[in-house]
Each structure stands twice: as structure tokens, then as C-alpha cells.
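Chemist: any chance you could fold what I've pasted below:
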Amino acid sequence: MEKKKIYGYVRCSSTDQNEDRQIIALRKASVPERSIFMDKQSGKDFDRPNYKKLVRELKAGDILYILSIDRLGRNYEEIQNQWRILTKEIGIDICVLDMPLLDTRNGKDLMGTFIADLVLQILSFAAQSERENIKKRQAEGISAAKARGVKFGRPEKTVPDDFGKIVKAWEQKKLTFADTLEMCDMSGATFYRRLREYRRLQRDGKEK
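Modeler: Reported below is the predicted structural model:
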């Protein structure tokens, strides 16, 4: 009979690079270092390379440890779906270290399963709600900052003082397009946008 294996999964977002707390918790749960899989990216979906690699290795009877349910993901439906795949289709046990009720090794009877499923639904819903609240607060913060005149994104590329002369030389084929872009210090898209603005200003000036 094949021996059950112990695995751990760690996820930290690109804005939160500190995975130490999760790894320490997994070590305390006796998860071997070589069996800890880690992704550094958002929890909005499960399209993560090391999570996929982990799932391919899991066999029925194995145990997967995670520190908290939001390390598995932040999308309510996806968490529910992955939990079903892991526990029902593959047949592993999952232990959420900071929520003892979410340990599928315990309470295998009907009541225990019902309680675990209920807790899972509540926590995964809370994880998604928090994610949506964070996005809402970010959007509100950006709107408020814009109202105060704060600029976001890359600073607008200014045209050189002799932009008109450069354009004229390019139109007369005295300059290649590559040389024109280099002299203006612009990408092709920015150059054409600035060219349209320049021609519009020229046209508006003549009409006046």
C-alpha cells in the first residue's frame, strides 16, 4: 500500500512578498520542505504554475496543509470548486491550520461534513468579499486622488521644441522614420498621436 504523502501550499501576492509566516506554520505541521509548493501571484483564479504542479502530484489519501483559506484563493466559486476536486475527485484531506474546523480528517460523519462545508462556504465568501472591498477602496482612493489633481500612469511625453522642423524633414523624406523617432525620443504610437495633435493645432491656427 502506497504511503500517504504530506504537502503544503503557500501563496503570496505580488504586493505581499513575505511568505515566511506561511512556511513557518507548515514546518510546524511537519510538512517536508521539498513538499511545499509556492506561487507568488494573485488569488483571483487558480491559473498558477506551482498549484497546478501540486495538483498533478496529489494522490488519494494525501494530506494538504494551508495556513488559511485565502491562501488557497479569493474567488468564492473557485475555492468551492477546487475544494470539491481535491477532496472528492482526487480524494485527499485538507487541513486549514488557522481554522481547525476545516480539517477533513476530522468529523467524517454526516454532521462533521456538514459543519466543515458550512464553515468553508462562510470563509470563502468572506475571502471574496474582502477582495472586492479592497478593490472598491482602491477605486475610491484613485477617484479621490484624481479629484485632487493627482496624475496616474506614465508622465506624458513632451514634444521637442523643433518638432515641426523634424516632422517637415520626415515628410520630405530627409529623415527616416527610425531617425525621426530617435530625435523625438518617442515610440511610433506616441509620435503619431503627437503628430495628429500638432496637425490639428496647425489647422486650428490657420482657421483663426
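
Chemist: how distant is the longest helix along the chain from the center of its chain?
Modeler: Identified as the longest helix of the chain according to DSSP state H is helix 110-147. Relative to its parent chain, helix 110-147 has a centroid offset of 15 Å by C-alpha atoms, centre = their mean, to the nearest Å.

Chemist: mind checking which helix or strand of this structure has the lowest mean pLDDT?
Modeler: Least confident element among the helices and strands of the chain, by mean pLDDT, DSSP states H and E: helix 110-147 (a mean of 71).

Chemist: tell me the SS of the most centrally placed residue in the chain?
Modeler: Nearest residue to the geometric centre of the chain (C-alpha atoms, centre = their mean): Ser42, 2.6 Å. State at Ser42, reduced to three classes by DSSP: H, G, I helix; E, B strand; the rest coil: coil.

Chemist: excluding chain neighbours, what is closest to it?
Modeler: Excluding the flanking residues, the one nearest Ser42 by C-beta to C-beta, 6 or more residues apart in numbering is Ser13, at 5.6 Å. Bear in mind the C-beta positions are built from the backbone N, C-alpha and C, glycine included.

Chemist: where does Leu64 land in three-state SS?
Modeler: Judged by three-state DSSP, the three-state class of Leu64 is strand.

Chemist: ok, it - contacts?
Modeler: Counting by C-beta atoms under 8 Å, 6 or more residues apart in numbering, Leu64 touches Tyr7, Gly8, Tyr9, Leu54, Leu58, Leu86, Ile92, Asp93, Ile94, Cys95.
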